[in-house]
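1. Provided below for reference: sequence and predicted model.
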Amino acid sequence: MICMRMRGVMESTLVAAAMTGAGIGSAHAGLRYNMPEGVSEISRSVYSLHMAMFWVCVAIGALVFGAMIYSIVRFRKSAGAQPANFHENTAIELIWTAIPFAILVIMTIPAAGLLIKMDDTSQSDMTIKITGYQWKWHYDYLDQDVSFFSALAQDSNAARQLGAQIDLKSVDHYLLNVDHPVVVPVGKKIRFLITSNDVIHSWWVSDLAVKKDAIPGFINEFWTRIDVPGIYRGQCAELCGRDHGFMPIVVEAKTPEDYAAWLDAQHAAKAQQTAMVNGAALAAAR
Amino acid sequence: MNNLADPGPRKSNRSVLFQAVVVCLVMFGFGFAMVPLYRAFCNLTGINGRMAVVATETLAQSDLTRVITVQFVANRNQYLPWEFKPEVSSVQVHPGEIRTVTFFAHNLRDVPMVGRAVPSIAPGEAAKYLRKLECFCFNEQHFASGEARNMPVRFYIDPRIPPGIDTLTLSYTFFDASPQTTMVGDKTAAGS
Amino acid sequence: MSEQVLGHDEHDHGPDPQFLRRWITTTNHKDLGALYLWFSLLMFLVGGAMALVIRAELFQPGMQLVRPEFFNQMTTMHALVMIFGGVMPAFVGLSNWLLPVMLGAPDMALPRLNNWGFWILPFAFTLLISTLFMPGGAPAGGWTMYPPLVLQTGLAFPFLIFSVHLLGVSSIMGGINVIATILNLRAPGMTLMKMPLFAWSWLITAFLIIAVMPVLAGAVTMLLMDKYFGTSFFNAAGGGDPVLFQHVFWFFGHPEVYILILPAFGIVSHIIPTFSRKPLFGHASMVYAMSAIAFLSFIVWAHHMFTVGLPLAAELFFMFATMLIAVPTGVKVFNWTATMWRGSLSFETPMLFALGFVFMFTIGGFSGLMLAMAPADFQYQDTYFVVAHFHYVLVPGAVYSIMAAVYFWLPKWTGHMYDERLGKLHFWLSTIGVNLTFFPMHFSGLAGMPRRIPDYALQFTTFNQISSVGAFMFGFSQLLFVYIVIKCVRGGEKATAQVWEGAEGLEWTLPSPPPYHSFTIPPLVT
Ligand SMILES: [Cu+2]
């Protein structure tokens, strides 16, 4: 695919642009500056769409900026340019209305197809309900009787306090780590239901290309099917008050066997777990 | 200050002013009119899952060739210290078949409380095919201190439900509607 | 600039009390234009200071300077101050100063309304900014005021709502005045299609203002009722829907975006032909394009809400409609390019800012096109990519057009040339600063940084540091702008009536500075 081939070129161009523009620092190896391709079929399609649109913009930009820069260089008064006097040309005006229109129509075709795919939550293998809280997430595995809160990890929370003298590099995934990650199997179509307990939040994991608002009193749904086991991190994306920046999301995708083992462990600890969660919820409510 | 001697334009200035003010008032009204418009739009498309209880039981034939999973989800708003859960987490129904399920609610406080449940359905486009014959939603539910009770929901699924939908979720959120408390408003300062 | 304006009218200023009374009671379009412009400059500096607090905190990960709640107050107030205090009053000020002289009128059509429209602003902003000193602080729920979060605002809440009402009333007054002036006070012979594009852009803007500011007023009134009078417009518990607020808000909000950019299109359409010494290419198609943009702006609002769970059909519709806006916007950019083509270009400061506008606004347009694609928008929504997008449109877009306009017409207003060398320095410092600030935000957003967060994961550090350095550079460059303007007001090389070699239009037929009452005898336009 053309996007793939040009990716290398683009990466170096973008970094070069950023770095020369900045004139400071040097990119360390892991610097991310583009949307991740992600780990699901949908996220890869979103990435391709993003890159395709990016290159369309680059192409149009090259033409327009090229013409402007050419004019600026070529038609300078100081270089003795004499002004022409034309001020309209219906044919040209029609062409540059029609061509962008055609490009846009062409671009919307894959976009619409992808949107329809993303909207289709049927044939799911399991359902997880997400509830947004100020300022943590709650996960409820429907039909499994497993549920828990997921909040910013303790070490991040200590380090993010105003005036904390903690070396952030010593903190494990500063601000992107939680006490209880949401564990899911790979290869399964997972349907998420999402709502909120107080204000609007938004559940976003970039590697899965999913973002959906959690709205109090309403339930939204979305789905994902993760291909690769791993840990994927995200954050709340809708301003939700003081600690909006401190309610990350961690998704741990395991093989179906590991997931089953994890589930068994949860069930084993269930009695204790349920009591604890209820207690905590009650305390939070009071 | 206005040096326009002839009265012509002046008069028409006033009429422009008048017309513009009318436009403003109409648009101010339109802002409010978006509330019923939005509600009508939602009822038409069912998108926010706010379906009215259907009073009559005019039923088409059950469609035994299809099975739809109906999930039940119970949420509590943080200001309502109740226990609230569905008796079963999901049922399998044929379109057209009438079912009754119950939700269990328990006032954990030692004072009487009033709760109000708000329904929501996912996916949104399925909402208008879920017909509720009986439901505890929107009505104020009075609970004595420590009271617990089961509340029934009777429903069927309209057989015209689009073929792509195999699962739908009926979610209730219970809010505190006790007279002495107000809603989110009195929790001060966005996040302090 | 007042002193120069009043050159022939010395008896009008004297000792302090009289001076005050003059400025408070003035109904003169030049006085009010100047007041609007000075006020917006002040608000730019206030809102800019808030932006620098934000950028200082974000210079490195970890919380160093402010608490998260204060950070949220800064982002909220920065937006409100810049939109309603900076950009909108600046454009109203320009319309005041320029419309009568461009149309051949003695003054604006509704001078007393004009006075009230301005003097509401200081009150509104005193109310709004005073909330910073209240217990609980200023509003912190974002300028978009989404419920239920905004209902958690403390004491500041009624002040926020009331000041938004006042700001709405003020801009409606400005808008009505523009409509009346343009419809009634054009010089004989100036048909609508012969009208200068700045007037055209403002006519369309004014219609947008009177159509959507009342909708905003309605939306915030409903918020007020939900909070204090127990209604449930947006409260799910009572059968309302928080998403409904977003629909009403963005029904206002999207046309508002064009209120902030259409006058910029008008300004640039004056400056580029002047310094290209060649008539504007496609005058008529510019008018059609602006009208098309204004129309489309009413049917695209939900592209701000792709993640709230809209039905599929709605997402498809709003995606298509949004992408359509790129067509008329593209026409404008192509027309400006064609205006420069085979012209005879020179690069005085106004031209530099206008060219900066076209280049960087187009970059903002491209990211806007990407944002329009709903499936990709799920990844962009509420990230720094969006922050980069709208700042490209608003800072090197709207703000650059305002600065271009000030440099362009300042010699006309004051009768003096500004310092060209310093003007160019201001342009280059600003342009380097603004790109250092906002270009890296594309990268941090794509890499996964949400907006409106006071602290971030270590992987976003590099880009945030570049942004912060750029922001301080841009911010402090504006002090140079203040100096240049004041220096020009106080004196300088005498400006001719035409000022610029290629300038065309009625305003350049008046002496610099023009008389207190611009055209007492209407000029004849052929
Ligand atoms: Cu949140």
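-> Cool, got the structure. Just so it is clear, the structure is predicted and the values come from calculations on it, not from any experiment.
2. all contacts plus neighbour counts: C-alpha atoms, from now on.
-> OK.
3. Helices of chain B, residue ranges please.
-> With helices called from DSSP state H, chain B shows them at B:7-45.
4. Tell me where the model's unsure across it.
-> Residues of chain B meeting the criterion pLDDT under 70: B:1-11, B:45-60, B:79, B:179-192.
5. could you redo the last one with a cut-off of 50?
-> Counting by pLDDT under 50, chain B shows low-confidence ranges at B:1-8, B:10, B:181-192.
6. ok, now the stretch 151-286 of chain A?
-> In the stretch 151-286 of chain A, no residues with pLDDT under 50.
7. Restrict stretch C:467-477 to CA atoms and write it as PDB.
-> What follows is stretch C:467-477, C-alpha atoms only, in PDB (Å, rounded to 0.1, in the frame of the first residue of the first chain):
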ATOM      1  CA  SER C 467       5.500  24.400  22.400                       C
ATOM      2  CA  SER C 468       6.200  26.200  25.700                       C
ATOM      3  CA  VAL C 469       9.400  27.800  24.400                       C
ATOM      4  CA  GLY C 470       7.500  28.900  21.300                       C
ATOM      5  CA  ALA C 471       4.600  30.200  23.300                       C
ATOM      6  CA  PHE C 472       6.800  32.500  25.400                       C
ATOM      7  CA  MET C 473       8.500  33.700  22.300                       C
ATOM      8  CA  PHE C 474       5.200  34.500  20.600                       C
ATOM      9  CA  GLY C 475       3.700  36.000  23.800                       C
ATOM     10  CA  PHE C 476       6.600  38.400  24.400                       C
ATOM     11  CA  SER C 477       6.800  39.400  20.700                       C
END
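8. contacts for it?
-> By CA atoms under 8 Å, 6 or more residues apart in numbering or on different chains, the list of residues contacting stretch C:467-477 from outside reads C:48-49, C:52, C:55-56, C:58-59, C:426, C:429-441.
9. contacts with chain A among those, please.
-> C:L436, C:F439, C:P440 (CA under 8 Å from any CA of the partner chain).
10. Which helix in chain C has the most residues?
-> Max-length helix for chain C by DSSP H is helix C:197-228.
11. interface residues of the stretch 101-250 of chain C facing the ion?
-> Not one residue of the stretch 101-250 of chain C sits near the ion, judged by CA under 5 Å from the ion.
12. Chain A contacts on the stretch 101-250 of chain C?
-> For the stretch 101-250 of chain C, the residues in contact with chain A (CA under 8 Å from any CA) are C:A140, C:G141, C:G142, C:P147, C:P148, C:L149, C:A236, C:A237, C:P242.
13. Inside strands: which ones of those?
-> In strands, defined here by DSSP state E, there are no members of these.
14. quick one: the spatially most central residue of chain C from C:K412, how far?
-> The centre of chain C sits closest to C:V87, judged by CA atoms, centre = their mean, with a distance of 2.8 Å. Distance of C:V87 to C:K412, given as CA to CA, to the nearest Å: 22 Å.
15. Ok, C:I484 next?
-> Counting by CA to CA, the separation of C:I484 from C:K412 is 15 Å.
16. Now C:V215: closest residue in space, sequence neighbours ignored.
-> Distance criterion CA to CA, 6 or more residues apart in numbering or on different chains; nearest residue to C:V215, sequence neighbours excluded, is B:G31 at 4.6 Å.
17. Settle this for me: the one you found is touching C:V248, isn't it.
-> Yes - counting by CA atoms under 8 Å, B:G31 touches C:V248, with 6.5 Å between them.
18. Compare C:I484 and C:K412 (neighbour count), which wins?
-> A direct count of neighbours by other CA atoms under 10 Å in any protein chain shown for C:I484 and C:K412 places C:K412 higher, at 25 against 19.
19. residues touching the more buried one, list them.
-> Counting by CA under 8 Å, 6+ apart, C:K412 makes contact with C:A495, C:A497, C:V499, C:W508, C:P511, C:S512, C:P513, C:P514.
20. I'd guessed the second one sits against C:T509; true?
-> Yes - between C:A497 and C:T509 there is a contact under CA under 8 Å: 6.2 Å.
21. State whether A:Y232 is indeed within a strand.
-> Yes - the assignment for A:Y232 (DSSP: H, G, I helix; E, B strand; the rest coil) places it in a strand.
22. follow-up on the earlier one: packing partners of the longest helix of chain C?
-> Helices and strands touching helix C:197-228, by 3 or more CA pairs under 8 Å, 6 or more residues apart in numbering or on different chains; DSSP states H and E, are helix B:7-45, helix C:88-103, helix C:156-184, helix C:242-259, helix C:262-276, helix C:283-296.
23. Looking at that helix now, give me its mean pLDDT.
-> For helix C:197-228, the mean per-residue pLDDT is 94.
24. Which positions in that helix come out as buried?
-> C:197-224, C:226-227 (16 or more other CA atoms under 10 Å in any protein chain shown).
25. Stretch A:137-155 vs chain C: in contact?
-> No - applying CA under 8 Å from any CA, one finds stretch A:137-155 separated from chain C by no less than 12.4 Å.
26. hmm, that stretch in reach of the ion?
-> No - applying CA under 5 Å from the ion, one finds stretch A:137-155 separated from the ion by no less than 8.3 Å.
27. B:H106 bridge partners, please.
-> On the basis of DSSP bridges, B:H106 is bridged to B:E83, B:A148.
28. Could you double-check that it lies in contact with B:A148?
-> Yes - contact criterion CA under 8 Å: B:H106 and B:A148 qualify, at 4.0 Å.
29. what are the ranges of the strands in chain A?
-> With DSSP E, the ranges of strands along chain A come out as A:126-133, A:136-141, A:146-150, A:182-185, A:190-196, A:201-205, A:210-214, A:220-224, A:230-236, A:248-254.
30. Same question for chain B.
-> B:68-76, B:82-86, B:90-93, B:99-107, B:113-122, B:130-134, B:140-143, B:148-157, B:167-176.
31. So of the contacts of C:K412, which two are at opposite extremes in space?
-> Distances among the contacts of C:K412 were taken as CA to CA; the most separated pair is C:V499 and C:P514, at 12.3 Å.
32. Hmm, C:I363 is touching C:Y392, no?
-> Yes - applying CA under 8 Å, one finds C:I363 in contact with C:Y392, separated by 7.0 Å.
33. Looking at those two, which is more packed in?
-> C:Y392 (28 against 22).
34. The residue nearest to C:L296 when sequence neighbours are not counted and C:K332, how far apart?
-> Leaving aside its sequence neighbours, C:L296 sits nearest to C:I325 (CA to CA, 6+ apart; 6.6 Å). According to CA to CA, C:I325 and C:K332 sit 11 Å apart.
35. Please apply the same query to C:F460.
-> In this structure, C:F460 and C:K332 are 36 Å apart, going by CA to CA.
36. what's the domain layout of chain B?
-> Annotated domains of chain B cover B:9-45, B:56-180 [automatic domain parsing].
37. Can you tell me which of the ones you listed is most buried?
-> Each of the domains of chain B was scored by mean neighbour count; the highest is domain B:56-180, a mean of 18, by mean count of other CA atoms under 10 Å in any protein chain shown.
38. so how far is that domain from its chain's centroid?
-> 12 Å (CA atoms, centre = their mean, to the nearest Å).
39. Repeat that for stretch C:506-526.
-> For stretch C:506-526, the distance to the chain centre is 27 Å (CA atoms, centre = their mean).
40. Okay, buried residues for that stretch please.
-> Going by 16+ other CA under 10 Å, stretch C:506-526 has these buried residues: C:506-519, C:523, C:525.
41. residues making contact with it?
-> Contacts to stretch C:506-526, defined as CA under 8 Å, 6+ apart, come from residues B:3, C:4-6, C:8-9, C:28, C:30, C:98, C:100-107, C:187-190, C:411-416, C:495-499.
42. for stretch C:425-435, same thing?
-> For stretch C:425-435, contacts defined as CA under 8 Å, 6+ apart pick out C:349, C:352-353, C:356, C:395-396, C:469-474, C:477-478, C:480-481.
43. Let me know the average pLDDT across that stretch.
-> On average, stretch C:425-435 scores 96.
44. Send me that stretch as CSV with only the CA atoms.
-> Output of stretch C:425-435 as CSV, limited to C-alpha atoms (Å, rounded to 0.1, in the frame of the first residue of the first chain):
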residue,chain,number,x,y,z
LEU,C,425,10.7,42.0,13.1
HIS,C,426,7.4,41.6,14.9
PHE,C,427,6.1,39.4,12.0
TRP,C,428,9.1,37.1,12.0
LEU,C,429,9.3,36.7,15.7
SER,C,430,5.6,36.0,15.9
THR,C,431,5.7,33.6,13.0
ILE,C,432,8.6,31.6,14.4
GLY,C,433,7.0,31.6,17.8
VAL,C,434,3.5,30.6,16.7
ASN,C,435,4.8,27.7,14.6
